[in-house]
Structures are given as C-alpha cells and as structure tokens.
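[1] Below: sequence and its predicted model.
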Amino acid sequence: MRIRVGHLYPEYLNIYADRGNIAVLFRRAALRGHELDVSPVSLGDELRPGEHDLLYVGGGQDREQALVAPDLVAKGEAVKGAVAGGAAALAVCGGYQLFGRGYRGFHGEDMPGIGLFGHETVAGERRMIGDVLLECELVPGERRTLAGFENHAGRTRLDPDAVPLGRVVAGFGNDGDSGHEGRRSCASWRR
Amino acid sequence: MSARLAVETFAARAAARLSRLAGAGGGTTIPGKLLWKLDPGAIDALAARLPRGAALVSATNGKTTTTAMVAEILGGRVPLAWNRSGANLLSGVASTLLAERDAELGLLEVDEAALPEATRRVRPHALLLGNLFRDQLDRYGELELLADRWRDMVAELPEATVLVANGDDPQVGDLGRARGHVVHFGLDDPRHAHPELQHAADSRYCVRCARPYEFAAAYVGHLGDYRCASCGHTRPDLQVVARAIELKELESAAFELETPAGSTRVELRLPGLYNVYNAVGAAALAQVLGASLDEIRDGLGRFGAAFGRFERIVADGRTLLVLLIKNPAGANEVVRTLVDGGTPPVLLVALNDAIADGQDVSWIWDVDLEPLLGRAERIVASGTRAHELALRLVYGGLPEERLEVEPELGAALRRGLELTEPGGELGVLPTYTAMLALRRIVTEQGLVKPYWERG
C-alpha cells in the first residue's frame, strides 16, 4: 500500500536524526512491501485532515523551534482533526514537546503547544544525552525492547492518566526520574 | 617572568616530559592542564610576553587546516607558538604558550566554545572566525547559543584587534556589523555552487529578521552568497576572495586569490572546495599578520595537509587517504570531494562516540552519505559505534554484501588494507578519536612519525 506521510516543517525541524527517522520509515515500509510518499507541510501550508496516513514532526534548534511554534499552534485543530480521523502521528524531540501543552524555556518564557497530548515540558539545566533502552508493550502481552538515542534539555511530565511509550531500562527518559520515556496514545489503548 | 609563573611553568614542563616518558601520548595538554589548574591567569601573562602578539583562529570546521596554512605561509620567518596538534582548549593554549618560550607570535586555533575566554585572556592582535555549523550539540549546545557568545565576544574586542571573518556565513558575516574595520573573506564562483541547500545547511533564516535567505550560490552547507529579500541583509563586501576555482580530482585545487594588495593564482596541493575556504581564510589572516602576496601564494602552494585532514600515509604498499569526519557539514564536504574526485574502491569508516567525538552519534543520519554508497565497492564499518554506522549505511542503500563490520580499529585497518590492491588507495574516514587511534596504530608500525615529533 501507499502510506502518505505529512512531514511537518522539514526545513526547520531537522536536527540530527529526523531525516534518519524518515529513512527508517522508508526502509521498514519497503521491507513490508509498502511505499512511503512523504510530502512537506510547512509554514503557512494548509493541513487538510484525511490527506495523510501519518504525520511526522521532529525537533529543531531553539531558534527554528521558536520560528515554527506559532504556525503549529495555528494548525493545532487541523492536526487534532487528522488524528481523530485516523491518521497516525509520530512526534519526536521538540515536536513531541509541542504536541503537548507546551514548553517553558529556561528564562520562564512560554512556547505554547497544540495540546494534542496531556503533557508539558520545562527546560532543565543539564542536557540528557545518551543511548536509551526501553521496555515497551505496544501490543498487550508482547514485551519488546526499543533502543534509541536521546539528547534533550527539556523535562517532559506526563499527566497521571497518560501511557508512556516505554519503561526506561537504561538512559534518562522523559524527565530523568519518572522511569518513563515518551508517550503513546491510540484509540484502542487510550485511557 | 614573575617568580610564581616561573615555578608554575617549571612544574608544568616537567609534567609534559613525564607524560611522554610514561607513554601517555604527546603530553600536549598535560602541562597546560596543570598550569590551568594552578593559575588560569597565567595564560594572560604568557600571551602578554609574545613580542608580536597573537592570532586566534576558530570555526566549526577547518580551524586546524587554516591555522596550519598560516603557519606554512609565515614559513619559519617568525618563531611561532602554534598548537599544531590541535589541542585547542584553554589547557592546550596554555601548553603551547609554555612550550614555545622563544616564540614571537602566537598562532592558536581555539575550540569554538572556549574562544570567548581565550580571547579575553590572550587579547589577540587578530581573530579569524571561520564558520558555524551544527556540531556536537551535547558539548556545545545549540548553534544559536554559540553565535550569541561570539557576538558578545566581538562586542568586547579591543579596538586594535583586527577581525577576519567569513562573509559567506550569514551568522559569522554579521558579527562584525558594529565594528569599523573587518576583513571579510569568501568565495565567488557560482559554477561550484550546489544546486540547492544541503540538508545540513544551518543558517537558512535571516539572522536579523528570520525570513528565509535567497542563495545566489551555496558552496559548502549554508556558506555562500545570500540575501534576505525581506530586510535586505546580504553578504558583506569581500576583501579577500577566491575566484576562477578549479578542482582537480583528489589531488589539488587552484584559484585566483584577490586581495587589497593585488591578485595571484594559488595552486593548492589539497582538493575540495572546503579547503579553498580554509586557504582564503588563511590568506586573509596572513595578510593581516604582514605576509606579502608572494609569501601567501608560495606558502599555500607548499602546504601539504594537516594532521588527519586529507593526509596520505603509506602503509603496507598501499596509501591511506585519511579524511577526518566530525559533523554533518564537514562530512558532506568529504563525501562531495571523494565523489567528484574519484572514490577509492575500498573505504574504512570509523565512528567513535567518545567525548571528543560527540557522544550523540545520531549526526551520521544527517550526512549525505548516499552518493558514496553507489561508488564504493566495499565499506568496512568500524569504531565503538560500528553497528550504528552499518545500520545507517544499509538504510542509505548500501547492499549488505558490500559491507563489513569490524568494531576493532586495528583489525578493521588490516581488513581494509587487505581489500585494497597493492599500490592502491584506501579511503579512511574516521571521527576524531578514531583518527587518533588509527594514527597510533600506524605509528606503532613505524609508518608515520608521532605528531609531537613532527616539525
């Protein structure tokens, strides 16, 4: 099948592994006989629910993130509409933070997010960098490990009812002390 | 010299000798580290003793090569305190100033993050700012933060310091805006421009108004001839320029060097457009330091290669062509130079994740490695993160039968040499600590002199 991917702000949010994540999606889709059709959705572009099967949003350096944040907020309802209509969303790094309620910077300045997820992020003093290993149960009863890389100063706090992507086996995770990394949300799993 | 400084320098020099005796390497930073601990202000005093002052060179990419080129241009006419091994933190600067007691001029490359403090302490007569690219986000923080620190540093520069800046980098070219006299250097030859901005180009948005720049030419990453259609910020006028650039395979480059003192044709024994940038920057700085146009032309023409940067080493009847890779923009230029110049059939790529390499290895996903993958007949992936690298290569399209994974560097080097025809060239692309380790391995085999003995 053809998977239509909407890549949000690829020319702004493209720090380090974002292109890698897209490359991995391409490869994994190809291995399963699917084709990936990636189109950019950038500043001022209209996001029409139903146009994409998957939305991808990555991270940027602070300046780039601040440049796109207002536009993302303006697209907030469209993103929620797309997800409610069945599109999957993969949000990483700054994109993950802005898909929550927002990001509070080091000097107290706020960068509002779109509030698709119930979590918020506050800048921390020490950057959390390194390999991260998670134990995930994406399908109930099926435990698997997920390995990746983290490099963030933000501490993301999940709301109490949120389901993390996985339990941190090694590394820092969302905030360095909750033992959780990421979050996931799916119609059938949503609590 | 004050009594205190004398005692400290004696202790620090003794430490360097001990370090070499103990086989711990060149001892290039141990005395400096000791001195730096004993008395950070000692750097100020050591620098102040230099009769002709000091010049500092910093950039994300090219500072070692640029500094070495300036040293070659000055060509032994001036005794230098030059940190040739690339020990470019404050401790390395201290070590160099300590070791070169009879130097007249300091010629020091300095780490981008350490530069503001080095500048405050050394009070250089000239300061060369080359470029800013995303690099080691774990160590430096984000590019913007570094640019802000450089901006503050430039604002505090003594009036007498001559600023030499790459006008082709929007961030760096804008730093001297408030200063009266800045020497801007850059390239002017749109035939060598990229058709579009590379993925790893960073400063795409106007430093003044944040609208996207229009690039009449982008030469290396975001370095080029830019203009903001919204607020009119453009590349500054260039005083030292390379035009009519000729790139000759993996061997050399030539260009017309235009300066306020006249023009000359420079023949460089190094390939690649990024080395033309290094050469133009070196020419601009050397001119500020008093070199004549002939001395610049001859010095650049004599220049071989800096440590691990397009360095050729003969090993076992083959030639190792060593090209340091350390961040997306630099690695892209290495790839481009190999692809344009003729990719060696066998490549050894080594990815380490020590602090000096950057512990975040995800940068390899931002490098445009793909053009290389269709050309190399065999790639040996090595280093502490050999498997991550192998994954990157395979996901980039390298057929698995053309890939070998050997994390251990010595074994990987042996394998690479074995795969290379006698008389042929093995392309070696290591990150910083992998480069040091590989050099140590070939040094132990007596193929190349240790760097602290080279002169």
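    That came through, no problem.
[2] Can you spell out the domain ranges of chain A, please?
    Taking automatic domain parsing as the criterion, chain A consists of the domains A:1-114, A:118-191.
[3] Just give the closest residue to residue A:136, not the sequence neighbours.
    Counting by C-beta to C-beta, 6 or more residues apart in numbering or on different chains, residue A:166 is the residue found nearest to residue A:136 once chain neighbours are left out, at 3.8 Å. Every C-beta, even on glycine, is put in place using the N, C-alpha and C of the backbone.
[4] now do residue B:173
    In this structure, residue B:173 finds its nearest non-sequential neighbour in residue B:167, 4.3 Å apart by C-beta to C-beta, 6+ apart.
[5] I'd like to know how far the one you found sits from residue B:179.
    13 Å (C-beta to C-beta, to the nearest Å).
[6] repeat for residue B:380
    Distance of residue B:380 to residue B:179, computed by C-beta to C-beta: 49 Å.
[7] coming back round to it: compare residue B:167 and residue B:179 and say which one has the larger neighbour count.
    Remark: of residue B:167 and residue B:179, residue B:167 carries more neighbours, 26 against 15, as counted by other C-beta atoms under 10 Å in any protein chain shown.
[8] Tell me who's in contact with that one.
    B:173, B:184-186, B:235-238 (C-beta atoms under 8 Å, 6 or more residues apart in numbering or on different chains).
[9] Pull up the residues of chain B that are close to chain A.
    For chain B, the contact set with chain A under C-beta under 8 Å from any C-beta of the partner chain comprises B:134, B:137-138, B:141-145, B:199, B:202, B:204-205, B:210, B:359-363, B:365-366, B:392, B:395-396.
[10] quick one on the thing from earlier: for the residue nearest to residue A:136, phi and psi?
    Main-chain torsions, residue A:166, degrees, to the nearest 10: phi -170, psi 170.
[11] correct me, but it touches residue A:135?
    Yes. Under the criterion of C-beta atoms under 8 Å, residue A:166 is in contact with residue A:135, at a separation of 5.7 Å.
[12] With mean pLDDT added, can I get the domains of chain A in a markdown table?
    As requested, the domains of chain A are exported to a markdown table (pLDDT from 0 to 100):
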| stretch | mean pLDDT |
| --- | --- |
| domain A:1-114 | 91 |
| domain A:118-191 | 89 |
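[13] which of the ones you listed is buried the deepest?
    domain A:1-114 (a mean of 18; mean count of other C-beta atoms under 10 Å in any protein chain shown).
[14] now that one: how far from the chain's centre is it?
    7 Å (C-alpha atoms, centre = their mean, to the nearest Å).
[15] Identify the residue nearest the residue in the stretch 251-400 of chain B that chain A sits nearest to in space, chain neighbours excluded?
    Proximity to chain A, evaluated over the stretch 251-400 of chain B using C-beta to the nearest C-beta, is greatest for residue B:365 at 2.9 Å. Closest residue to residue B:365 apart from its sequence neighbours, by C-beta to C-beta, 6+ apart: residue A:20 at 2.9 Å.
[16] I'd like the domains of chain A written out as TSV, with distance to residue B:438 added.
    Below are the domains of chain A laid out as TSV (distance: least, C-beta to C-beta, whole Å):
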stretch	distance to residue B:438
domain A:1-114	25
domain A:118-191	24
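[17] Residue B:105: which of those domains is closest?
    domain A:1-114 (36.7 Å; C-beta to C-beta).
[18] Got the phi and psi for residue B:280?
    Here is the backbone geometry of residue B:280 (degrees, to the nearest 10): phi -70, psi -40.
[19] Test my guess that it contacts residue B:187.
    Yes. Using C-beta under 8 Å, residue B:280 is in contact with residue B:187, at 6.9 Å.
[20] hey, what's in contact with both of the two?
    By C-beta under 8 Å, 6+ apart, residue B:280 and residue B:187 have these common neighbours: B:241-242.
[21] Can you name the residues that contact the residue nearest the centre of chain B?
    With distances taken as C-alpha atoms, centre = their mean, residue B:62 lies nearest the centre of chain B, 2.4 Å away. Shown in contact with residue B:62 (C-beta under 8 Å, 6+ apart): B:130-131, B:274-275, B:277-278, B:281.
[22] Repeat the analysis, applying 7 Å as the threshold.
    B:130, B:274, B:277-278 (C-beta atoms under 7 Å, 6 or more residues apart in numbering or on different chains).
[23] Distance of it relative to residue B:126?
    Distance from residue B:62 to residue B:126, by C-beta to C-beta: 17 Å.
[24] cool, residue B:433 as well?
    Distance from residue B:433 to residue B:126, by C-beta to C-beta: 31 Å.
[25] Can you tell me the SS state at the residue nearest to residue B:365?
    Recorded secondary structure, residue A:20: helix (DSSP: H, G, I helix; E, B strand; the rest coil).
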